[in-house]
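Undergrad: 3D model of this:
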Amino acid sequence: MKREKWFSEAVTEYKNDVDYLTEVAILDFTEKIVAKMKEQDLSRAELAKRLGVSKAFITKVLGGYPNLTIRSMVSFANALGCDLSLEILQQGFRANRIYQKPLRETVLRDK
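TA: Residues are numbered from 1 along each chain as shown. Take a look at the predicted model:
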């Protein structure tokens, strides 16, 4: 129980710390990459080939490489056949996505 209390207090103390928030964002991004790779049965080697980078770079990124640019993030999403979506939400709120619609379907219905 002491560990849980310490952890809870530490998270509360650092919840607005830029370094902590950066680590959370990196972890979230890399978990999404890994999930898409599993969904597509895609190896690190194949992802590296699609991106034109080394397998070592993929390992570095998935290990939490903190120096990703938005351009790099878009490249990863594109290599996985995805779009990158960035959001800015009020502190204390998370995006709640129930489903995703194909853009083409939405555009065609709106016309």
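
Undergrad: Now do the same for the helix ranked longest in the chain: mean pLDDT, whole number.
TA: When the chain is parsed with DSSP state H, its longest helix is helix 18-39. Mean per-residue pLDDT for helix 18-39: 92.

Undergrad: which parts of that helix are buried?
TA: I26, F29, T30, I33, K36, M37 (16 or more other Cβ atoms under 10 Å). Every C-beta, even on glycine, is put in place using the N, C-alpha and C of the backbone.

Undergrad: can you check stretch 42-52 too?
TA: For stretch 42-52, a neighbour-count test (16+ other Cβ under 10 Å) marks L42, R44, L47, A48, R50, L51 as buried.

Undergrad: Next secondary structure element downstream of the helix or strand that contains the fourth one?
TA: When elements are assigned from DSSP states H and E, A48 belongs to helix 44-51. Once helix 44-51 ends, the next helix or strand along the chain (criterion: DSSP H and E) is helix 55-62.

Undergrad: what packs against that following helix?
TA: helix 18-39, helix 44-51 (3 or more Cβ pairs under 8 Å, 6 or more residues apart in numbering; DSSP states H and E).

Undergrad: Relative to L21, how far out is I88?
TA: The gap separating I88 from L21 is 12 Å, by Cβ to Cβ, to the nearest Å.

Undergrad: Oops, could you answer that again for R50 instead?
TA: According to Cβ to Cβ, R50 stands 29 Å off from L21.

Undergrad: Not counting its neighbours along the chain, what's nearest the residue nearest in space to the middle of the chain?
TA: Nearest to the mean C-alpha position of the chain, counting by Cα atoms, centre = their mean, stands F29 at 1.4 Å. Leaving aside its sequence neighbours, F29 sits nearest to M73 (Cβ to Cβ, 6 or more residues apart in numbering; 6.5 Å).

Undergrad: Equivalent analysis for F76, please.
TA: Distance criterion Cβ to Cβ, 6+ apart; nearest residue to F76, sequence neighbours excluded, is I33 at 5.8 Å.
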